[in-house]
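Colleague: Build me a structure from this.
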Amino acid sequence: MPKPITPESVLAALGKVMEPELHKDLVTLNMIRDLEIKGDTVSFAILLTTPACPLKGSIEKSARDAALTVPGVKTVNIKMDASVPNDGRTRGLMQLPVRNAIAVASGKGGVGKSTVSANLAVALAQTGARVGLMDADIYGPNIPTMMGVHELPGTNESKLIPAEAYGVKLMSMGFLVKPGQPLIWRGPMLNSAIRQFLADVEWGELDYLIIDLPPGTGDAALSLAQTLPLSGVVIVTLPQAVSLEDASRGLEMFRTLEVPILGVVENMRGEFFGSGGGEDLARIAKVPFLGAVPMEQSVRVGGDTGEPVVVSRPESEAARALKSVAEQVAARVSVEALAGEKKPTINIV
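Modeller: Predicted structure coming up:
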């Protein structure tokens, strides 16, 4: 008579399956949930660290194959689920209910930073994550145009209600000023606005807050990095030399501020701006290269019409590249969050 299948034998088999990004096995990481055995059928859930996990299929296959090595197991049912790790430090920021805050930065303007921010946010939301997009580019707030929303729905008793598009909650100075009205503000006013966008907006529970920074290494980027415990920063650059020089300066600023560098995105790769520069920057700086987004008309059209390319042309090369960037960013954030439990909480006073 064959021995009955036991939870211990199944967990022993699954304990040999490694999570590729975190370099530990699924059992040690407490990713195996709701294990159930009925006859020769084994069922369980795998709790990933992000719904945007780029290796979801590979992890599921490895777990299934491992469970089938247990004597007597004929059928394996797996439910893939996700719970985004909490960086933890943002809870100290006026009780901001955001698990991870991700800045998107560039050394100079005109490299498509806001385009990457918008598509990154939407791509993450498409996976089922709870996402907010904060337009911290106070002097050039383009996110309302790119997301096709031009006003806030209102306020509650004490906070602004963010706008919403494509499953992403939005806040931008563009919602608060008349079209074309310039903002002639000095640094302290700019910094105050960024703090208010964080504290005085009803964001609700978010897995990811994407923050579209102003270009360069000025007051806004410095203030945000010192105010909010960032889970990491994505550096956007063109392949051309001038853009790379500025991107390198921005990267080193965040490194000096001890903000994790999630990686470099090379935008507008193609005939006009060349290719490979962003990859070279990542290699020299010893940070991940998140991918290259080709220069396509559909990206520009999507930004102009308020329909990001991951929505308007999801099968285009640019959309696929941006979705890949989103997956890699989510994976890197999970690594940083799980590795950063000893980081101090930062409070605003």
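Colleague: give me every residue that touches Ser62.
Modeller: Applying C-beta atoms under 8 Å, 6 or more residues apart in numbering to Ser62 gives the contacts Val17, Met18. The C-beta positions use only the backbone N, C-alpha and C, and glycine is treated the same way.
Colleague: Check the spacing between it and Gly72 real quick.
Modeller: 20 Å (C-beta to C-beta, to the nearest Å).
Colleague: Repeat that for Val104.
Modeller: 51 Å.
Colleague: more crowded one of those two?
Modeller: Val104 (26 against 14; other C-beta atoms under 10 Å).
Colleague: Which element, helix or strand, includes that one?
Modeller: Using DSSP states H and E, Val104 falls within strand 101-106.
Colleague: now what about that strand, what contacts it?
Modeller: Contacts of strand 101-106 (C-beta under 8 Å, 6+ apart): 87, 90, 113, 116-117, 120, 208-213, 215-216, 221, 224-225, 228-237, 243, 246-247, 250, 254, 259, 262, 329, 333.
Colleague: Can you list which of the residues you listed are found in strands?
Modeller: Cross-referencing the contacts of strand 101-106 against strands under DSSP state E gives Tyr208, Leu209, Ile210, Ile211, Asp212, Gly232, Val233, Val234, Ile235, Val236, Thr237, Leu262.
Colleague: Filter these down to the buried ones, PyMOL style.
Modeller: In PyMOL, this line selects whichever of the ones in strands among the contacts of strand 101-106 come out buried by 16 or more other C-beta atoms under 10 Å:
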select buried, resi 208+209+210+211+212+232+233+234+235+236+237+262
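Colleague: now, which of the ones in strands among the contacts of strand 101-106 sits nearest Ile194?
Modeller: Using C-beta to C-beta, Ile211 comes nearest to Ile194 of these, at 8.7 Å.
Colleague: Quick check: the closest one touching Ala136?
Modeller: Yes - if you go by C-beta atoms under 8 Å, Ile211 and Ala136 touch, sitting 5.3 Å apart.
Colleague: so what's Leu230 up against?
Modeller: For Leu230, the contact set (C-beta under 8 Å, 6+ apart) comprises Ala101, Ile102, Ala103, Ile211, Leu224, Val259, Pro260.
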